[in-house]
Structures are given as structure tokens and as C-alpha cells.
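Chemist: requesting a structural model of the entry that follows:
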Amino acid sequence: MAAVTEDQVEQVRALVATIPRGQVTTYGDLAGAVGLSSPRIVGWIMRTDSADLPWHRVVSASGRPAAHLARRQLERLAAEGVPVRDGRVSLRECRWDPA
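Modeler: Predicted structure coming up:
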């Protein structure tokens, strides 16, 4: 994995904190907004430092939730009014642009 600065970690955290209720963004959207080389870096940040954030509002570009958190993540998103169909978030309807 590429080197990640504390500033980049904080930028990702700040963006995740501002994702509006009822909307989602992708790991790739966040990576692009912060200038990271890969969505996987955002995934790493989210795994290690997001317990106090609305982590459930970040999904893959396919709209699928994290496999190990799918049920809980989809329940939280549905409770916020995020459109979920066949286990996927309908990004066209609720995608938030962090840029």
C-alpha cells in the first residue's frame, strides 16, 4: 500500500463525517477527492479509523456494501431512506459527491 499521511487520513475522516443522511459515496470518490492513488487506501482507513463516523454511508463503486458488514450496513442505509435493491445501493439516486 502507498504511504498515507496523517493529513490524508484526517481528510478522509472529515469527508466521511459530512456525508449527508440518506446519501452515500464510494471509496473511489473519497480517494479521488483526497488525492489518494487507490480506493483500497480509503478502505484501509475506514477499517482502522472510522468507528465514530457514519461508515455505513461508504460503499463500493458497484453499490455493494462491505461483505462482512452487509446486513448491518444495509439496515442502517434503509433506515435513512437510501434506496437498496437486491442487496445494492442505487447510486444513481443517492450518490454524494465529496469533491
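Chemist: what does stretch 45-55 contact?
Modeler: 4, 8, 9, 12, 13, 16, 17, 19, 21, 27, 58 (CB atoms under 8 Å, 6 or more residues apart in numbering). (C-beta placed from N, C-alpha, C; glycine too.)
Chemist: which pair in those residues spans the largest distance?
Modeler: 4 and 21 (27.8 Å; CB to CB).
Chemist: in the protein, which residue is closest to the centre?
Modeler: The chain has residue 58 as the residue nearest its centroid, 1.6 Å off, counting by CA atoms, centre = their mean.
Chemist: and the gap between that residue and residue 17?
Modeler: Look at residue 58 and residue 17: by CB to CB, to the nearest Å, they are 11 Å apart.
Chemist: residue 88 too?
Modeler: From residue 88 over to residue 17 the distance is 24 Å, taken as CB to CB.
Chemist: more neighbours: the two, which one.
Modeler: Neighbours per residue (other CB atoms under 10 Å) separate residue 88 from residue 17, with residue 88 holding more: 15 against 12.
Chemist: spit out the contact partners of the closest residue to that one other than its chain neighbours.
Modeler: What sits nearest to residue 88 in space, not counting adjacent residues and going by CB to CB, 6 or more residues apart in numbering, is residue 63, at 3.9 Å. Contacts here follow CB under 8 Å, 6+ apart; on that basis residue 63 touches 88, 89, 90, 91.
Chemist: who wins for most neighbours among the residues you listed?
Modeler: Using other CB under 10 Å as the neighbour test, those are led by residue 89, with 26 neighbours.
Chemist: quick one, phi/psi of it?
Modeler: phi -80, psi 140 (degrees, to the nearest 10).
Chemist: ok, residue 95 next?
Modeler: Backbone dihedrals for residue 95, given as degrees, to the nearest 10, come out at phi -80, psi 130.
Chemist: any idea how far it is from residue 61?
Modeler: Using CB to CB, one gets 10 Å for the distance from residue 95 to residue 61.
Chemist: many thanks, I have nothing further to ask.
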